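Asker: I need the structure of the sequence given here:
(one chain, ligands or ions: 1)
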Amino acid sequence: MALPGAVNRYLLLMAQEHLEFRLPEIKSLLSLFGGQFTSSQETYGKSPFWILSIPSEDIARNLMKRTVCAKSIFELWGHGKSPEELYSSLKNYPVDKMVPFLHSDSTYKIKIHTFNKTLTQEEKVKRIDALEFLPFEGKVNLKKPQHIFSILEDYGLDPNCIPENPHNIYFGRWIADGQRELIESYSVKKRHFIGNTSMDAGLSFIMANHGKVKENDIVFDPFVGTGGLLIASAHFGAYVYGTDIDYNTVHGLGKASRKNQKWRGPDENIRANLRQYGLEKYYLDVLVSDASKPSWRKGTYFDAVITDPPYGIRESTRRTGSQKEIPKGLEKCPESHVPVSLSYHLSDMFFDLLNFAAETLVLGGRLVYWLPVYTPEYTEEMVPWHPCLKLISNCEQKLSSHTSRRLITMEKVKEFENRDQYSHLLSDHFLPYQGHNSFREKYFSGVTKRIAKEEKSNQE
Ligand SMILES: C[S@@+](CC[C@H](N)C(=O)[O-])C[C@H]1O[C@@H](n2cnc3c(N)ncnc32)[C@H](O)[C@@H]1O
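Answerer: Below is the predicted model:
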């Protein structure tokens, strides 16, 4: 059904990538800029076309200065399931809202965007000509128009079943594009200092957006690695700080991760990465430190904690240890080795991370982190819980047929008290969550391969 007057309605053209991450990104950014996500928003699941009610064009523009999940935004003038419905919806759009963009001194151009179908030039011209009832008085200028209008046609999501006619047709005034180009300009391939687990640029920006990072914030990554997440936050104007247990990573020493390069070169470090993008002024510092033993004085220092903890697959999960921590009995063994580095169980690591965030985030600050899961055993109850942190979103990224990682975003909603430190142990979430400890074993044990094989032979 056609929408009535399209006042303050905007059409978002979403990218068809990282589908689950899109809605939390848009919601987070809207709330950052003073917009609200209401039930009147129409986000059509996997579709690239979303209709949003946004209080002002300024908020829409701010949203587009940040989003990497949306390609473009349009002020929506009309919408229908057929050309007739679109035209009657356009006739209902208030003329006084159109006139400032159509008057005789202005220049304009009309573009056609189709999803899941390609139109011929002739078909495109026909669609543009059919809009002659609109009060266009300006001159067409294809090269440098003042205003761009778009007809957007939606032919559904199935490339094997493309309908003759579109499911939905939209007409709107283009307002702004999103930040998709950051994915290319910050690509890890062209980055000065990288490691085996450097975070992909697109996901780093999505994480900073889920974390509602803003100018002058202080953002901390306790498992900083090569600083991929610091770069995204600094791009949005936050001051960044990190720690890592690995001396070589923090000091940019040791073996290089690039092919054809044996050792890391001089100045291959996080600071130089920020310099590469003109963001050095946002660099606070990075230190060698064990996240299981934070050395911070009590206080709320961070606006966001954004991190990618180790899963024990391409990097070990370690913490510092001492002889006292060796299990009783082992110390008597003559050949017993005294470790300075102990294994760090994934479940302990996430409990520590949540406690740390609950203690050091400002109220309203966000924790954004990846949780690896073995999908056949995953349930929502496994997601670590804390009395001071409210779960905002939980989005899956598949890694293999039986493993995935989930991007968890939490917001600090209550000041931390000492008794909060252990209260999560009393929760129902505690037991199933222990399952995370076996993530690494399952990943390497061949269980995933075996199940995939069995499933394949069952299908045959
Ligand atoms: C997945 S990587 C982080 C990658 C990072 N996001 C990047 O873009 O390069 C996890 C990092 O955690 C570090 N790490 C492992 N155990 C740690 C601990 N107990 N305390 C602090 N860092 C630790 C590893 O050395 C590794 O650099």
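
Asker: partner strands of the biggest strand by length in the chain, parallel or antiparallel?
Answerer: When the chain is parsed with DSSP state E, its longest strand is strand 361-374. If you go by DSSP bridges, strand 361-374 pairs up with strand 302-307 (parallel), strand 403-412 (antiparallel).

Asker: downstream neighbour of it in the secondary structure list?
Answerer: As assigned by DSSP states H and E, the chain's next helix or strand after strand 361-374 is strand 389-398.

Asker: what residues of that next one count as buried?
Answerer: 389, 392-393, 395-396 (16 or more other Cβ atoms under 10 Å). For the C-beta atoms, the positions are set from N, CA and C on the backbone; glycine is no exception.

Asker: again, but for stretch 369-383
Answerer: Those buried within stretch 369-383 under the rule 16+ other Cβ under 10 Å are 369-374, 378, 382-383.

Asker: mind putting the residues you listed into TSV with pLDDT and distance to Leu30?
Answerer: Shown next, in TSV, are the buried residues of stretch 369-383 (pLDDT from 0 to 100; distance: Cβ to Cβ, whole Å):
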residue	pLDDT	distance to Leu30
Tyr369	98	22
Trp370	97	24
Leu371	94	25
Pro372	92	29
Val373	90	28
Tyr374	89	34
Tyr378	90	29
Met382	87	29
Val383	91	24
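
Asker: wait, which of the strands paired with strand 361-374 is closest to the ligand?
Answerer: Nearest of the strands paired with strand 361-374 to the ligand, taken as Cβ to the nearest ligand atom: strand 302-307 at 7.0 Å.

Asker: that closest one vs the ligand: in contact?
Answerer: No: using Cβ under 6 Å from any ligand atom, strand 302-307 stays clear of the ligand, coming no nearer than 7.0 Å.

Asker: now that strand - C-alpha only, PDB.
Answerer: What follows is strand 302-307 as a C-alpha-only set of coordinates in PDB (Å, rounded to 0.1, in the frame of the first residue of the first chain):
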ATOM      1  CA  PHE A 302      36.500   4.900  29.100                       C
ATOM      2  CA  ASP A 303      33.600   5.900  26.900                       C
ATOM      3  CA  ALA A 304      33.900   2.600  25.000                       C
ATOM      4  CA  VAL A 305      35.800  -0.700  25.300                       C
ATOM      5  CA  ILE A 306      36.100  -2.200  21.900                       C
ATOM      6  CA  THR A 307      38.000  -5.400  21.500                       C
END
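
Asker: which outside residues touch it?
Answerer: Strand 302-307 is contacted by residues 207-208, 211-214, 217-224, 229, 233, 238, 353, 356-357, 360-362, 365-370 when judged by Cβ atoms under 8 Å, 6 or more residues apart in numbering.

Asker: mind checking the SS state of the most centrally placed residue in the chain?
Answerer: Geometric centre of the chain, nearest residue: Ile206, 2.3 Å, by Cα atoms, centre = their mean. Under DSSP: H, G, I helix; E, B strand; the rest coil, Ile206 falls in the helix class.

Asker: OK, contacts around the residue in the stretch 351-460 of the chain that the ligand sits nearest to?
Answerer: Nearest residue of the stretch 351-460 of the chain to the ligand: Trp370, at 8.0 Å (Cβ to the nearest ligand atom). If a contact means Cβ under 8 Å, 6+ apart, then Trp370 has 307-309, 311, 405-408 as its contacts.

Asker: by neighbours, which of the residues you listed wins?
Answerer: Comparing the contacts of Trp370 by number of neighbours (other Cβ atoms under 10 Å), Thr307 comes first, having 26 neighbours.

Asker: check that one and give its pLDDT.
Answerer: The per-residue pLDDT reported for Thr307 equals 98.

Asker: and Glu75, bridged to which residues?
Answerer: Under DSSP bridges, the beta-bridge partners of Glu75 are Tyr10, Arg173.

Asker: number the residues from 250 up from this point.
Answerer: All set: I'll call the first residue 250, so the last point we hit is now Glu324.

Asker: that one contacts Glu306, doesn't it?
Answerer: Yes: Glu324 lies in contact with Glu306 (Cβ atoms under 8 Å); the separation is 7.1 Å.
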